[in-house]
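Enquirer: please find the sequence and the predicted model below.
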Amino acid sequence: MSDTRAIALKTFRGAPDGDAYPAEFEKGDPVEGNLADVAIGEKWAREAKDGDEFAVAIDARNKRLAPSEAA
């Protein structure tokens, strides 16, 4: 497994390392491992500048995917 960490530049579908099924990654989402290597090579993502930028991207994706609290 690769240690590459990237940030999506556009929406794409790909199977994260260890997953059999693809997930949808939107612009700004974190991507890691072998999928990040492919996404960078295909210009779907760019390498994360540092761990802080990657952590912010993880937080943003988690908030976006969290169930809505508005009832």
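Expert: Great, that's in hand. Residues are numbered from 1 along each chain as shown.

Enquirer: tell me the SS of residue 38?
Expert: At residue 38 the chain is in helix, as set by DSSP: H, G, I helix; E, B strand; the rest coil.

Enquirer: residues near the closest residue to residue 40 other than its chain neighbours, how many?
Expert: Counting by C-beta to C-beta, 6 or more residues apart in numbering, residue 40 lies nearest to residue 6, which is 5.5 Å off, once chain neighbours are set aside. Every residue, glycine included, has its C-beta placed from N, CA and C. Using other C-beta atoms under 10 Å, residue 6 has 24 other residues around it.

Enquirer: sheet-wise, list the partners of the helix or strand hosting residue 6 with their directions.
Expert: Using DSSP states H and E, the element containing residue 6 is strand 5-8. With DSSP bridges as the test, strand 5-8 is paired with strand 30-32 (antiparallel), strand 45-47 (antiparallel).

Enquirer: most neighbours per residue, which of those?
Expert: When the strands paired with strand 5-8 are scored by mean count of other C-beta atoms under 10 Å, the highest mean neighbour count falls to strand 30-32 (a mean of 24).

Enquirer: roughly how far out does that one sit from the chain middle?
Expert: 3 Å (C-alpha atoms, centre = their mean, to the nearest Å).
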